[in-house]
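J.: A predicted structure for the sequence below; I have some questions about it.
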Amino acid sequence: MKITFPDNSSREYQPGITAADIAKDISQGLAKRALAAKVNDELVDLNRPINQDAGLRIITFDDEEGKLIFWHSSAHLMASAIMRLFPQTKLAIGPAVPDDFAARFYYDLDLDHKLTEKDLELIEAEMAKIVAEDRPFVRSEKPRQAALAEFNRDNDLYKAEIAGEVEGETVSFYTHGDFIDMCRGPHVPSTGKIKAFKLLSVAGAYWRGDEKNKMLQRIYGVSFPDKQLLAEHLEKIEQAKLRDHRLLGKNLDLFSINDEVGPGLVLWHPKGALIRHIIEGFWKDAHIANGYELVYTPHIARLELWDRSGHLGFYKENMFKPIEIENQNYQLKPMNCPFHIQIYKARKHSYRDLPYRWAELGTVYRFERSGVLHGLPRVRGFTQDDAHVFCRPDQLQDELIGLLDFNLFFLETFGFDKYNTYLSTRPEHSVGSDESWARATEALKNALEKRGLPYQIDPGEGVFYGPKIDVKIKDNLGRFWQCTTIQVDFNLPEKFDVTYTAEDGSEKRAIMIHRALLGSIERFFGILIEQYGGAFPVWLAPIQVIILPVVDEVNDYAEHVAQMLRGAAIRVETDKRSQKIGYKIREAENLKIPYMLIVGKKEEAEHTVSVRRHKLGDIGVVAVETVSAEILQKIKTKSLD
RNA sequence: GCCGGAGUAGCUCAGGUGGUAGAGCAGCUGAUUUGUAAUCAGCUGGUCGGGGGUUCGAUUCCCUUCUCCGGCUCCA
């Protein structure tokens, strides 16, 4: 029979041969690295016989599928160790998690004993034994009904629930050593393949992710085919910790969240506030330059406004309680849109004047459940870089395309050039006619396609009033963050009777687009801190330059240089303390100030400065004008280096 | 909200089987005049997260509450 490989080459083999044998026939190296096989389009174990002509790809850890198989097998390995140590454990589910950054596996367990860090070490030690035993993974099959009966007999309720739902009349099991688990597979050949692993954490997780269900214990782990890869992965995790915006926010004195003020409420310290000011200034200028007008709206409004908008009906649980004053209820705003609608309704509008693009950095308050608060990304008060476009149906397409371009301009300015785009369709709980949802979804889709942006459909993930496009940006560590959302809305215009006067004098319904590009200023700031590791590019750095005099005698010259730069609108400070230069440099490096200008008697005499760049080190001695021009150029171009 | 863990000086942490705590850094004062990542000395600084209980006595034991951390769920 003929086996065809991915490069379209082929070889002849006897029927019944396994992928493992074929891998060995190709090369010893491949045989060693082989984890599983893809026969035609099906992932199978290496030892499954191939009986007819087929396409074959040997799967290794380098393949995405290979990693998932490897981690899935690791979950089995971990479960087998747990069953040896805690035989009373009921196993729930143990998959691999595909994620660019947080790649890992877990197993959800039901056991009375509360697992601790210490237990993780015990489990790791037991896993190491099972790896040393090099137990092969062996597949077997059973009629589904028989398996179901056994699970019910053994009171293995989680497996029974899964067995009750899988398709087909047989289910497969994988055994290694004395451990058996129902599993679709495939798996790596044997436990000996899993040479390097680490259990990361234990946490609660609801069965099937439903908070009505029982809370199980979940152990997360990572594993790799060799120790080097594991070490690299753990190093990556350590690096991420150093970039954590909560840590940097404290160390660089950017912001704080204070217990006495309240959880999820951000205090912007001067340096953080300055960065925010620059971002917001850039944002406003760019909006005005792109045909937007700025508006401001209050922080509270009559409760009835939110009832009419539908927010009360859909998000009451996540809104702060109303404030009662003079027998009237007022609501702290969770959204800006009803206000913008009221601005629109302040007068009549001609079809000639549309579209209106109204933008506001609007601070909203949402009651987030206590357990979900997290640094800057998840807070109770935050500022949306919001805008609403009111347009005619015939303008919708162009508006959306313009928005996509405008958005990418923003993201790229901050150095985000990789992103995933999603189109979210109608959710279960929503308002409006099927027809308007179809139109809105179609409009978003067309815009994406006209702009040639690849996207994934996120079924049922739209907002109650309309479908949306979401953009998740990828940061320097490969993590994705949701920022942009662009939502088409036929519903609020309906509820608030938003119209314009058409050419023929009739009143026609306007269409609204809701959009936030950076999302929340707080969250975006958090993302930026992590993206840059606290070392902001020159245009954003709160202190762009620090002058470091070597001895007190040149303090006047240092101040003179500072004044020159300040005159060019560069943010500069001078460190005139009687400290050794190494001390001042160390401090400036820790503050991640992009330019350190060291001046001593030599520089004073020559009217020069010795330039040191953050992380790059000593650059050399240049004229003040030279470095000033360089810095101004970087600011002007919003350079990222 | 749920599961688990943790709250000691501004920060990072040590300590104590119940007798009111200690270091480094930061801050302050002084000395030092220094050439590319930490000069030296002295001083200040804590109701040991809050409240309640047990006790002669609680930072330590118990209860409760708040906040944070790792997750789950949720996120207009």
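T.: Yep, that arrived. All values derive from a computational prediction rather than experimental measurement. Residues are numbered from 1 along each chain as shown, chains lettered A, B, ... in the order given.
J.: mind listing the helices for the stretch 51-200 of chain A?
T.: Residue ranges of the helices in the stretch 51-200 of chain A, as given by DSSP state H, counting those that start in this stretch, are A:64-85, A:117-133, A:144-153, A:157-163.
J.: er, the stretch 501-641 of chain A I mean
T.: A:521-532, A:555-567, A:581-590, A:601-606, A:624-637.
J.: With RNA strand B as the reference, name the closest of the helices of the stretch 51-200 of chain A.
T.: With distances scored as CB to the nearest atom of the strand, the stretch of those nearest to RNA strand B is helix A:117-133 (7.8 Å). Where C-beta positions appear, they are placed from N, C-alpha and C, glycine not excepted.
J.: which other helices and strands contact the closest one?
T.: Applying 3 or more CB pairs under 8 Å, 6 or more residues apart in numbering; DSSP states H and E, one finds that helix A:117-133 contacts helix A:64-85, strand A:196-206.
J.: Okay, buried residues for that helix please.
T.: For helix A:117-133, burial by neighbour count (16 or more other CB atoms under 10 Å) applies to A:119, A:120, A:122, A:123, A:126, A:127, A:130, A:131.
J.: Give me the number of neighbouring residues for the nearest residue to the fourth one once chain neighbours are set aside.
T.: Distance criterion CB to CB, 6 or more residues apart in numbering; nearest residue to residue A:123, sequence neighbours excluded, is residue A:81 at 5.0 Å. Counted with other CB atoms under 10 Å, the burial measure for residue A:81 works out to 23 neighbours.
J.: Pull up the per-residue confidence for residue A:81.
T.: At residue A:81 the predicted local confidence, pLDDT, stands at 97.
J.: which ones are touching it?
T.: By CB atoms under 8 Å, 6 or more residues apart in numbering, the contact list for residue A:81 reads A:123, A:124, A:126, A:127, A:129, A:130.
J.: and with 7 Å instead?
T.: The contact partners of residue A:81, taken as CB atoms under 7 Å, 6 or more residues apart in numbering, are A:123, A:126, A:127, A:130.
J.: so the last one sits right up against residue A:77, yeah?
T.: Looking back up the chat, that one is residue A:130. Yes. Under the contact definition of CB atoms under 7 Å, residue A:130 touches residue A:77, with a separation of 6.0 Å.
J.: Now the common contact residues for the two.
T.: Here residue A:130 and residue A:77 have residue A:191 as joint contacts, going by CB under 7 Å, 6+ apart.
J.: hmm, stretch A:222-234 in reach of RNA strand B?
T.: No. Stretch A:222-234 does not reach RNA strand B (CB under 7 Å from any atom of the strand); its nearest approach is 11.9 Å.
J.: If you count neighbours, what's buried in that stretch?
T.: Along stretch A:222-234, the positions that meet the burial threshold by neighbour count (16+ other CB under 10 Å) are A:222, A:223, A:224, A:225, A:230, A:233.
J.: any idea which helix or strand carries the last one?
T.: Secondary structure from DSSP states H and E places residue A:233 in helix A:227-243.
J.: So for that helix, mean pLDDT?
T.: Mean per-residue pLDDT for helix A:227-243: 92.
J.: How about stretch A:446-456?
T.: Mean per-residue pLDDT for stretch A:446-456: 95.
J.: What is the end-to-end distance of it?
T.: End-to-end distance for stretch A:446-456: 14 Å, by CA to CA, to the nearest Å.
J.: ok, and what's touching it?
T.: By CB under 7 Å, 6+ apart, the surrounding residues in contact with stretch A:446-456 are A:397, A:400, A:401, A:404, A:421, A:422, A:423, A:469.
J.: Now tabulate the residues you listed in JSON lines and tack on pLDDT, distance to RNA strand B and neighbour count.
T.: Compiled in JSON lines, the contacts of stretch A:446-456 are given as follows (pLDDT from 0 to 100; distance: CB to the nearest atom of the strand, whole Å; neighbours: other CB atoms under 10 Å):
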{"residue": "A:397", "pLDDT": "94", "distance to RNA strand B": "22", "neighbour count": "16"}
{"residue": "A:400", "pLDDT": "97", "distance to RNA strand B": "17", "neighbour count": "25"}
{"residue": "A:401", "pLDDT": "96", "distance to RNA strand B": "21", "neighbour count": "15"}
{"residue": "A:404", "pLDDT": "96", "distance to RNA strand B": "18", "neighbour count": "22"}
{"residue": "A:421", "pLDDT": "96", "distance to RNA strand B": "16", "neighbour count": "16"}
{"residue": "A:422", "pLDDT": "96", "distance to RNA strand B": "12", "neighbour count": "17"}
{"residue": "A:423", "pLDDT": "96", "distance to RNA strand B": "14", "neighbour count": "22"}
{"residue": "A:469", "pLDDT": "97", "distance to RNA strand B": "12", "neighbour count": "25"}
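J.: before we move on, back to that, specify the angle between the helix holding residue A:233 and helix A:521-532 in degrees.
T.: Here helix A:227-243 runs at an angle of 130 degrees relative to helix A:521-532 (axes from the mean of the first three to the mean of the last three CA atoms, to 10 degrees).
J.: count of neighbours near the residue of the stretch 51-200 of chain A found nearest RNA strand B?
T.: Distance from RNA strand B to each residue of the stretch 51-200 of chain A (CB to the nearest atom of the strand) is smallest for residue A:114, at 4.6 Å. Number of residues near residue A:114 (other CB under 10 Å) recorded here: 8.
J.: So which bits of stretch A:148-164 are buried?
T.: Buried residues in stretch A:148-164, counting neighbours by 16+ other CB under 10 Å, are found at A:148, A:151, A:156, A:158, A:159, A:160, A:162, A:163.
J.: In those, find the pair that's most separated.
T.: For the buried residues of stretch A:148-164, the farthest-apart pair by CB to CB is A:148 and A:158; their separation is 12.5 Å.
J.: Flag every residue of the stretch 301-450 of chain A that's near RNA strand B.
T.: The interface of the stretch 301-450 of chain A toward RNA strand B, taken as CB under 7 Å from any atom of the strand, is made up of A:311, A:314-315, A:318-319, A:334-335, A:366-375, A:378.
J.: again with the stretch 501-641 of chain A
T.: Among all residues of the stretch 501-641 of chain A, those adjacent to RNA strand B (criterion: CB under 7 Å from any atom of the strand) are A:514, A:550-553, A:578-583, A:585-586, A:589-590, A:596, A:598-603, A:610, A:612, A:615, A:617-618, A:621.
J.: Just the buried subset of those residues, please.
T.: When burial is judged by neighbour count using 16+ other CB under 10 Å, the buried members of these are A:514, A:550, A:581, A:585, A:596, A:598, A:599, A:600, A:603, A:610, A:612, A:621.
J.: Relative to residue A:280, which of these is nearest.
T.: When these are compared for distance to residue A:280 (CB to CB), residue A:514 wins out at 19.5 Å.
J.: what are the bridge partners for the closest one, then?
T.: Under DSSP bridges, the beta-bridge partners of residue A:514 are residue A:388, residue A:487.
J.: quick one: it and residue A:488 touch, right?
T.: No. Taking contact to mean CB under 7 Å, the distance of 8.3 Å between residue A:514 and residue A:488 leaves them out of contact.
J.: correct me, but residue A:51 touches residue A:18?
T.: No. With the criterion set as CB under 7 Å, residue A:51 and residue A:18 do not qualify as a contacting pair; they are 10.7 Å apart.
J.: So between those two, which is more surrounded?
T.: Set residue A:51 next to residue A:18 and count neighbours by other CB under 10 Å: residue A:18 wins out with 17 against 11.
J.: circling back to that earlier point, next step: the contacts of stretch A:446-456 restricted to strands.
T.: Counting by DSSP state E, the part of the contacts of stretch A:446-456 found in strands is A:421, A:422, A:423, A:469.
J.: Show the contacting residues for the third one.
T.: Okay, so that is residue A:423. Contact analysis of residue A:423 by CB under 7 Å, 6+ apart lists A:444, A:445, A:448, A:455, A:457, A:458, A:469.
J.: Closest residue of the stretch 451-600 of chain A to RNA strand B?
T.: Nearest residue of the stretch 451-600 of chain A to RNA strand B, counting by CB to the nearest atom of the strand: residue A:600, 2.0 Å away.
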